[in-house]
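Participant: Task: produce atomic coordinates for the following.
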Amino acid sequence: MTMKRRAVLAAGAAMALGMALPRPAAARFAPEPSGWRRFEITTRLAIPRVGKPVRAWVPVPAMTEGNWMQAGAARWTTNAQRAGLKTDGATGARFVEAVWSAADAPAELEVTAVASAQDRAVDLSRPQDLPPLPEAERARHTAPTALIPTDGIVYETAMDIVGDAGSDLEKARRIYDWVVDSTERNPRTRGCGLGDVASMLKSGDLTGKCADLNALFVGLARAAGLPARDLYGLRVAPSAFGYKSLGAGSSDVTKAQHCRADVYLDGFGWVPADPADVRKVVLEEPPKTLTLADPAVQAVRSGLFGAWEGNWIALNAAHDVTLPGSANGPLPFLMYPQAESDGRRRDELEPSGFAYTITVRELGA
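Facilitator: Numbering: from 1, shown residues only. Have a look, this model is predicted:
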């Protein structure tokens, strides 16, 4: 094969993935809205039944936020006895539920969902004349959850952090900076972590992954009286700013789950924050010897309070999710496919044994 032929094939493969080639990481990270990108996410399940009934729930995008996220349609094919798209009334999470009777053939389900995203940025230099957050929403996003209490050590820590802050914006900044400075990403944490905020603070072990570190931000913000939410989703494309750790490296996104955080500030609306990804850059970004003092980290630290890239799809902001028909208790969050064999929950953090795959391709505008 000639060198020219190899180059043509390589270019064609990159186009087939629908992913723009990122720039090398530099000391600039400044996402700005610049146009929508559409992605098609396909989740495939092939669960061994071995004579047992199976039930599965596959999350699909449920969030439409005017200027940065739009959930699209979902479709599916399956050999299940019944399947349908469901919405959890308490949290708004959407998922395809499928039910198989006892048999030997694998339980097969393929769910394809479309969603659009674009870079997101909030101007924090001056407040705007925005309508207030509805009281029901404010109450929902300041309430404690099973793993994110807002009293006891969480409240005490939040008060120590915000101190004499003169505005909600300053409170949120101080909490964000505290999480960045006080935590570390732990590569040994399974999946994205659990997000047990009180246990983290009581033990003093402030390590983990995104569901831990960003839940810490959300819990402290809520304890300080700021509405805040975790957003559970999936990385779907490389970072346009060249950070390998901040994007999907291929069309196989089976293990590309990532949660982010939002805090609501009067005059600014929902403000994005992702202290966990700052810590991910420190640990994983080549040459993997970075510190918080490195310019590439400082750029991300500055950028990820108030902005993030549209190479990530939000599924939902759901906590304490009760799956219909489940023989088990509520989930702390719904970010991975879920399934039960004869009433026993399968390990969603082991895709090959579960078994499922998730792939993505970028569609035309």
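
Participant: C-alpha only now, for contacts and for neighbours.
Facilitator: Will do.

Participant: show me the contacts for Ala228.
Facilitator: 141-142, 218-219, 221-222, 261-264 (C-alpha atoms under 8 Å, 6 or more residues apart in numbering).

Participant: go again using 6 Å as the cut-off
Facilitator: Going by C-alpha atoms under 6 Å, 6 or more residues apart in numbering, Ala228 touches 141, 218, 262-263.

Participant: again, but for Ala314
Facilitator: Contacts for Ala314 (C-alpha under 6 Å, 6+ apart) come out as 232-233.

Participant: before we move on, which element is it in?
Facilitator: Using DSSP states H and E, Ala314 sits in strand 312-316.

Participant: So the residue most central in space within the chain: helix, strand or coil?
Facilitator: Central residue of the chain (C-alpha atoms, centre = their mean): Cys259, 2.4 Å from the mean position. What DSSP: H, G, I helix; E, B strand; the rest coil gives for Cys259 is strand.

Participant: Thought Leu231 was touching it, still the case?
Facilitator: Yes - Cys259 is in contact with Leu231 according to C-alpha atoms under 6 Å; the separation is 5.3 Å.

Participant: Tyr155 versus the nearest residue to the residue nearest to the centre of the chain once chain neighbours are set aside, what's the distance?
Facilitator: Computed as C-alpha to C-alpha, 6 or more residues apart in numbering, the closest residue to Cys259 that is not its neighbour in sequence is Tyr232, at 4.3 Å. As judged by C-alpha to C-alpha, to the nearest Å, Tyr232 and Tyr155 stand 24 Å apart.

Participant: What of Ala198?
Facilitator: Between Ala198 and Tyr155 the computed distance is 10 Å (C-alpha to C-alpha).

Participant: and Asp196, what is it in contact with?
Facilitator: Applying C-alpha under 6 Å, 6+ apart, we find Asp196 in contact with Leu147.

Participant: just Pro227 next, same as before
Facilitator: The contact partners of Pro227, by C-alpha under 6 Å, 6+ apart, come to 138, 141-142, 263-264.

Participant: now do Thr91
Facilitator: So Thr91 contacts Ala318 (C-alpha under 6 Å, 6+ apart).

Participant: Just say helix, strand or coil for it.
Facilitator: Per three-state DSSP, the secondary structure class of Thr91 is coil.

Participant: any idea how far it is from Ala318?
Facilitator: Relative to Ala318, and taking C-alpha to C-alpha, Thr91 is found at 5 Å.

Participant: Low-confidence ranges, the chain, go.
Facilitator: For the chain, applying pLDDT under 70 flags the ranges 1-27, 365.

Participant: Okay, helices next: where are they in it?
Facilitator: Listed in chain order, the helices of the chain (DSSP state H) span 3-17, 135-140, 152-162, 168-182, 197-203, 210-223, 275-284, 295-303, 351-354.

Participant: Among the ones you listed, which comes closest to Phe29?
Facilitator: Minimum separation from Phe29 across the helices of the chain (C-alpha to C-alpha) falls at helix 295-303, 5.4 Å.

Participant: the inter-axis angle of that closest one versus helix 275-284?
Facilitator: Put simply, helix 295-303 runs at 170 degrees to helix 275-284, going by axes from the mean of the first three to the mean of the last three C-alpha atoms, to 10 degrees.

Participant: that older thread, so Tyr232 and Tyr155 - more neighbours on which side?
Facilitator: Tyr232 (25 against 20; other C-alpha atoms under 10 Å).

Participant: quick one: that one and Gln257 touch, right?
Facilitator: No - shown here, Tyr232 and Gln257 do not form a contact pair, counting by C-alpha under 6 Å, at 7.8 Å.

Participant: Just want to check the distance between the closest residue to Thr207 other than its chain neighbours and Leu45.
Facilitator: For Thr207, ignoring the flanking residues on the chain, the nearest one in space by C-alpha to C-alpha, 6+ apart is Glu184 at 4.8 Å. Taking C-alpha to C-alpha as the measure, Glu184 and Leu45 are separated by 34 Å.

Participant: before we move on, what about Pro61?
Facilitator: From Pro61 over to Leu45 the distance is 18 Å, taken as C-alpha to C-alpha.

Participant: higher neighbour count, the two?
Facilitator: Using other C-alpha under 10 Å, the more surrounded residue of Pro61 and Leu45 is Pro61, with 26 against 22.

Participant: Skipping adjacent residues, who's closest to that one in space?
Facilitator: Leu315 is the one closest to Pro61 (C-alpha to C-alpha, 6+ apart), at 4.0 Å.

Participant: which residues does that neighbour contact?
Facilitator: Counted by C-alpha under 6 Å, 6+ apart, Leu315 has contacts 60-62, 232-233.

Participant: How about Val162?
Facilitator: Contact analysis of Val162 by C-alpha under 6 Å, 6+ apart lists Lys171.
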